[in-house]
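Trainee: prediction below, plus the sequence it came from.
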Number of protein chains: 2
Amino acid sequence: MTRAFELAARLGLAAPVIQAPMAGVQGHALAATVCEAGGLGFIPAAMLSPEGLRAEIEALRARSSRAFGVNFFCHRNPEPDAAREQRWRQRLAPYYREYGLDPDQAPSGAMRAPFSDALAEIVEPLRPPVVSFHFGLPEAALLARVKRWGSLVMASATTVDEARWLEGRGVDVVIAQGLEAGGHRGHFLDADLTRQSGVFSLLPLVVRAVSVPVVAAGGIGDAATIAAARALGAAGVQIGSAYLKTPEATTSPLHRALLGTEAASHTAITNLFSGRPARAIVNRLMRECGPLCDEVPAFPLAPAALAPLREAAQARGCSDFSSLWAGQYAATCREAPAAQLTREFVAAWNDGAGPHAKEGT
Amino acid sequence: MTRAFELAARLGLAAPVIQAPMAGVQGHALAATVCEAGGLGFIPAAMLSPEGLRAEIEALRARSSRAFGVNFFCHRNPEPDAAREQRWRQRLAPYYREYGLDPDQAPSGAMRAPFSDALAEIVEPLRPPVVSFHFGLPEAALLARVKRWGSLVMASATTVDEARWLEGRGVDVVIAQGLEAGGHRGHFLDADLTRQSGVFSLLPLVVRAVSVPVVAAGGIGDAATIAAARALGAAGVQIGSAYLKTPEATTSPLHRALLGTEAASHTAITNLFSGRPARAIVNRLMRECGPLCDEVPAFPLAPAALAPLREAAQARGCSDFSSLWAGQYAATCREAPAAQLTREFVAAWNDGAGPHAKEGT
């Protein structure tokens, strides 16, 4: 029995096609649609309050009784650094003035929260079949609690060392996140971005290094890339950007208009929007301040001061200050219902199942 | 008839498996062995004099009558910049003193030459079946001369725009170089490294954008990665790092000892060794000065001042100042004869030929 078959069978999926959790651009509507079409839908919890998370899970459950996942971030909140916060506000001040905003009124604070006892309290009675983590894992007692209540645990690795680290702590499925992926890089053992590699190298190296199933993430969005991931030993595929133009996603109109066009072919890894490196379509803020900038407050404190600017610009139809998350394959995004895309991805996976299954992947 | 089949048939190859030209670490011995085993061997011309190039081609011809290629760089030599040269020497001065060398005696000059009329004079009567170019193309008259004498012309693209540009100028085969690749990045339209993408995204995007055959380069080194490249639409594969541990390569013992080990899993794109970005195993110079440093003289003027340091360090068994070219998959390099590796690559390609040929790739 192959690793891929185990994963799909255990969760009752038509194929191990996983919708990548994407905080801020999707919720239960996309997740439920993917679940009903035979894939694994995900609710991203990072930007939800405990009550908001409960509501999202209940809304999903009302629309689908199939397996789904909930994704949490596992960062540690940083010590506030007033000097750094001040430098960032100074950097943004000319933009504030350009939009008639008062730089002294720039807000601060965290807009993303890590997994916690409070969130575990909410989630435990709802027993999601899958829980996935980004930026490592929660502390041991909290992880043990998740495993005790029976969720399958997945977590992102961006290097072979991270994959081994996760397997050693009992993760059931490793997600190998190639640097093609949109949104936040999941690295947690080493902040050196030169250690991040393309999925074409990372995936087979991780498959060699661990014995748990390995899901490929980054640059996957059609039959050819699904077939390539299978050939490299993936036990499943996690697909994000390809869902951003579906009606079920909550992607902003400005963001949506760029996806699937040449504009989406130039992305870069930037820390400007959150404080941690993440891949987004290059826009004015990235060109003028980065894409990587030392003055940005530590994750997750960066976005607060950007929010008023982003809102003011978006109100004028301008995405100069928006985080336009997208992977390196986002020029191929199509406007199509999520159910249709999911069925295509499932069919593409299963088309490749014959010969590859024999190879024991 | 598929693009892949055309390429192999036209050149009389057992499969479109191309040995990547690697200046400084291989010559006719590796190329001839690959040719005789059914692949396309390459002579890298960038570090050869015209007479040296003639000798290499003649030596290859003496060992194989099969198709082969010659690779040229297409950079323009920069204006000398005494101030920048001086800053670089100052940067290197502490290392010079550490090795008991006189920083005032640091040499300067170019160690790599672009394709030229003088080289064309040498090559034309030898009529290599393939000529490939890196860093764009030579000027129109020189390119027309190569096409007139009948060589198949290949050139590297690192973006969709570069692929279209090359096709528009009559290139017969585009090599899509993903950022996993070892050695020099081939980009020539835009120096912004954020435009460089993983082969997993680049390859299918280039295949969609051009109608000529597209060869995949970067991160390919075994049956799984060859199958994945085919799935992404490659008409052939160009393989470099995997040949570096063969007895036929001239890779230094220090470099050889790192390939195929965990040490080779940390590479980075650096401009320190030549002045242009290239992927190498991270070593002391890269950690302490870079990997990307503004003080480095323009390509190809950087290596001269490093040469005495590299020699002195290597004499002590130390690769702190050596350019340890390697791709992101180089931790999988094996010590094996080049003929054996080539036959494995050919078999891997042909194993995948059945189902994929039907798809019309």
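Mentor: Okay, I see it.
Trainee: and A:Val34, how many neighbours?
Mentor: Per other C-beta atoms under 10 Å in any protein chain shown, the neighbour tally for A:Val34 reads 31. Quick note: C-beta positions are derived from backbone N, CA and C, even for glycine.
Trainee: report the backbone C-alpha coordinates of the host helix or strand of A:Cys35 in PDB.
Mentor: In this assignment (DSSP states H and E), A:Cys35 forms part of helix A:28-36. Provided in PDB are the C-alpha atoms of helix A:28-36 (Å, rounded to 0.1, in the frame of the first residue of the first chain):
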ATOM      1  CA  HIS A  28     -15.200  27.800   5.400                       C
ATOM      2  CA  ALA A  29     -16.800  28.400   2.000                       C
ATOM      3  CA  LEU A  30     -13.800  27.400   0.000                       C
ATOM      4  CA  ALA A  31     -12.900  24.600   2.500                       C
ATOM      5  CA  ALA A  32     -16.400  23.100   2.400                       C
ATOM      6  CA  THR A  33     -16.500  23.100  -1.400                       C
ATOM      7  CA  VAL A  34     -13.100  21.400  -1.700                       C
ATOM      8  CA  CYS A  35     -14.200  18.800   0.800                       C
ATOM      9  CA  GLU A  36     -17.400  18.000  -1.000                       C
END
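Trainee: next structured bit after that helix?
Mentor: Moving toward the C-terminus from helix A:28-36, the next helix or strand (DSSP H and E) is strand A:41-44.
Trainee: buried residues, stretch A:125-141. List them.
Mentor: Judged by neighbour count (16 or more other C-beta atoms under 10 Å in any protein chain shown), stretch A:125-141 contains these buried residues: A:128-138.
Trainee: CSV for these, including pLDDT, secondary structure and distance to B:Ala217?
Mentor: Listed next are those as CSV, based on pLDDT from 0 to 100; DSSP: H, G, I helix; E, B strand; the rest coil; distance: C-beta to C-beta, whole Å:
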residue, pLDDT, secondary structure, distance to B:Ala217
A:Pro128, 97, coil, 42
A:Pro129, 98, coil, 41
A:Val130, 98, strand, 37
A:Val131, 98, strand, 39
A:Ser132, 98, strand, 33
A:Phe133, 98, strand, 35
A:His134, 98, strand, 31
A:Phe135, 98, coil, 32
A:Gly136, 98, coil, 33
A:Leu137, 98, coil, 36
A:Pro138, 98, coil, 40
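Trainee: can you list these in CSV and add distance to chain B?
Mentor: Formatted as CSV, the buried residues of stretch A:125-141 follow (distance: C-beta to the nearest C-beta, whole Å):
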residue, distance to chain B
A:Pro128, 30
A:Pro129, 29
A:Val130, 25
A:Val131, 27
A:Ser132, 21
A:Phe133, 23
A:His134, 20
A:Phe135, 21
A:Gly136, 20
A:Leu137, 22
A:Pro138, 27
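Trainee: tell me the first helix or strand C-terminal of the top helix by length along chain A.
Mentor: Criterion DSSP state H: the longest helix present in chain A is helix A:82-98. Using DSSP H and E, the next helix or strand after helix A:82-98 towards the C-terminus is helix A:117-123.
Trainee: which positions within that following helix qualify as buried?
Mentor: Within helix A:117-123, the residues scored as buried using 16+ other C-beta under 10 Å are A:119-120, A:122-123.
Trainee: could you do stretch A:242-255 as well?
Mentor: Along stretch A:242-255, these residues count as buried under the neighbour rule (16+ other C-beta under 10 Å): A:242-246, A:248-249, A:251-252, A:254-255.
Trainee: please see if it touches chain B.
Mentor: No - Stretch A:242-255 lies apart from chain B when judged by C-beta under 8 Å from any C-beta of the partner chain; the minimum separation is 12.1 Å.
Trainee: and if you look at stretch A:338-349?
Mentor: No - under the criterion of C-beta under 8 Å from any C-beta, chain B is not reached by stretch A:338-349; the shortest gap measures 10.3 Å.
Trainee: closest one to A:Arg10 out of the buried residues of stretch A:125-141, please.
Mentor: A:Pro129 (8.7 Å; C-beta to C-beta).
Trainee: with adjacent residues omitted, what lies nearest to that closest one?
Mentor: Distance criterion C-beta to C-beta, 6 or more residues apart in numbering or on different chains; nearest residue to A:Pro129, sequence neighbours excluded, is A:Ala67 at 4.0 Å.
Trainee: likewise for A:Ser132?
Mentor: Distance criterion C-beta to C-beta, 6+ apart; nearest residue to A:Ser132, sequence neighbours excluded, is A:Met154 at 4.0 Å.
Trainee: neighbouring strands - and their directions - for the helix or strand hosting that neighbour?
Mentor: For A:Met154, the enclosing helix or strand under DSSP H and E is strand A:152-157. Sheet pairing of strand A:152-157 (DSSP bridges) gives strand A:130-134 (parallel), strand A:173-177 (parallel).
Trainee: and the next helix or strand past the first one?
Mentor: Per DSSP H and E, strand A:130-134 leads on to helix A:140-148 as the next helix or strand towards the C-terminus.
Trainee: would you mind getting the angle between that next one and strand A:130-134?
Mentor: Orientation of helix A:140-148 against strand A:130-134 (axes from the mean of the first three to the mean of the last three C-alpha atoms, to 10 degrees) gives an angle of 150 degrees.
Trainee: could you list every helix and strand in contact with helix A:140-148?
Mentor: helix A:117-123, strand A:152-157 (3 or more C-beta pairs under 8 Å, 6 or more residues apart in numbering or on different chains; DSSP states H and E).
Trainee: buried residues in that helix?
Mentor: The neighbour-count check on helix A:140-148 (16+ other C-beta under 10 Å) flags A:142-143, A:145-146 as buried.
Trainee: name the nearest residue to A:Val130, ignoring sequence neighbours.
Mentor: Nearest one to A:Val130, counting by C-beta to C-beta, 6+ apart, is A:Gly69 at 3.4 Å.
Trainee: try A:Val25
Mentor: Nearest residue to A:Val25 in three dimensions, chain neighbours excluded: A:Thr251, at 4.8 Å (C-beta to C-beta, 6+ apart).
Trainee: so the one you found versus chain B, what's the distance?
Mentor: Here the criterion is C-beta to the nearest C-beta, to the nearest Å. By it, A:Thr251 lies 20 Å from chain B.
Trainee: wait, doesn't that residue sit right on A:Gly260?
Mentor: No - applying C-beta atoms under 8 Å as the test, A:Thr251 and A:Gly260 come out as separate, 11.3 Å apart.
Trainee: who touches both of these two?
Mentor: Both A:Thr251 and A:Gly260 are in contact with A:Lys245, where contact means C-beta atoms under 8 Å, 6 or more residues apart in numbering or on different chains.
Trainee: coming back round to it: helices or strands up against the very next helix or strand once past the strand holding A:Met154?
Mentor: Next along the chain after strand A:152-157, taking DSSP H and E as the criterion, comes helix A:160-168. Counting contacts by 3+ C-beta pairs under 8 Å, 6+ apart, helix A:160-168 is packed against strand A:152-157, strand A:173-177, helix A:199-209.
Trainee: what sits against the most far-flung residue of chain A relative to its centre?
Mentor: Largest separation from the mean C-alpha position in chain A: A:Gly100, at 33.7 Å (C-alpha atoms, centre = their mean). Listed by C-beta under 8 Å, 6+ apart, the contact set of A:Gly100 reads A:Ala312.
Trainee: and A:Gly69, by the same measure?
Mentor: A:Gly69 makes contact with A:18, A:21, A:40-43, A:128-132, A:154 under the criterion C-beta under 8 Å, 6+ apart.
Trainee: ok, 10 Å please
Mentor: Going by C-beta atoms under 10 Å, 6 or more residues apart in numbering or on different chains, A:Gly69 touches A:11, A:18-19, A:21, A:31, A:35, A:40-44, A:128-132, A:151-152, A:154.
Trainee: and A:Ser319, by the same measure?
Mentor: Listed by C-beta under 10 Å, 6+ apart, the contact partners of A:Ser319 are A:252-255, A:257-258, A:281, A:283-285, A:310, A:313.
Trainee: over to A:Thr246?
Mentor: By C-beta under 10 Å, 6+ apart, the contact list for A:Thr246 reads A:19, A:26, A:29-30, A:33-34, A:256, A:333-342.
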